[in-house]
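Peer 1: generate a structure from the sequence data that follows.
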Amino acid sequence: MKEIKVLGIGCARCQDTARLIEQVVGEMGVEARVTKDTRPEALVEYKVMSTPAVVIDDTLIHSGSMPKAEQVRQWFSD
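Peer 2: The predicted structure follows:
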């Protein structure tokens, strides 16, 4: 199961990012748990300079903007 974290301050873009990822992994049949982490410590831990940020299995893979659905699909198509 993939562990996906959306890091941010709880803004609308961060919430929309989490919803988008949940939708795409659901459509693709990927077993994943999506969580939102609004702790400032999480941003420091992953060296995030701008949000929203996406961490998959403890690896930062995206930050600074809301990803497009096609980007999210690519993350899980390997």
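Peer 1: so where's this structure uncertain?
Peer 2: Residue ranges of the chain with pLDDT under 70: 78.
Peer 1: how near is E3 to M49?
Peer 2: 22 Å (CB to CB, to the nearest Å). No exception for glycine: its C-beta is placed from N, CA and C like everyone else's.
Peer 1: which of those two has more residues huddled nearby?
Peer 2: Neighbour tally, E3 and M49, criterion other CB atoms under 10 Å: the higher count belongs to E3, 12 against 8.
Peer 1: identify the bridge partners of that one.
Peer 2: Beta bridges link E3 to R33, judged by DSSP bridges.
Peer 1: quick check: the spatially most central residue of the chain vs A18, distance?
Peer 2: For the chain, the residue nearest the mean C-alpha position is V54 (3.0 Å; CA atoms, centre = their mean). V54 sits 9 Å away from A18, taking CB to CB as the criterion.
Peer 1: who touches both of the two?
Peer 2: V6 (CB atoms under 8 Å, 6 or more residues apart in numbering).
Peer 1: surely the residue nearest to the centre of the chain meets S65?
Peer 2: No - using CB atoms under 8 Å, V54 is not in contact with S65, being 10.3 Å away.
Peer 1: who are the packing partners of the helix or strand hosting I21?
Peer 2: With secondary structure defined by DSSP states H and E, I21 is part of helix 12-28. Here helix 12-28 touches strand 2-7, strand 32-37, helix 69-75, going by 3 or more CB pairs under 8 Å, 6 or more residues apart in numbering; DSSP states H and E.
Peer 1: dump the longest one to PDB, restricted to CA.
Peer 2: Right, helix 69-75. Coordinates of each C-alpha in helix 69-75 appear next as PDB, following Å, rounded to 0.1, in the frame of the first residue of the first chain:
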ATOM      1  CA  ALA A  69      -4.500  14.600 -12.900                       C
ATOM      2  CA  GLU A  70      -2.200  13.400 -15.600                       C
ATOM      3  CA  GLN A  71       0.800  14.100 -13.400                       C
ATOM      4  CA  VAL A  72      -0.700  12.100 -10.600                       C
ATOM      5  CA  ARG A  73      -1.400   9.200 -13.000                       C
ATOM      6  CA  GLN A  74       2.200   9.200 -14.100                       C
ATOM      7  CA  TRP A  75       3.400   8.900 -10.500                       C
END
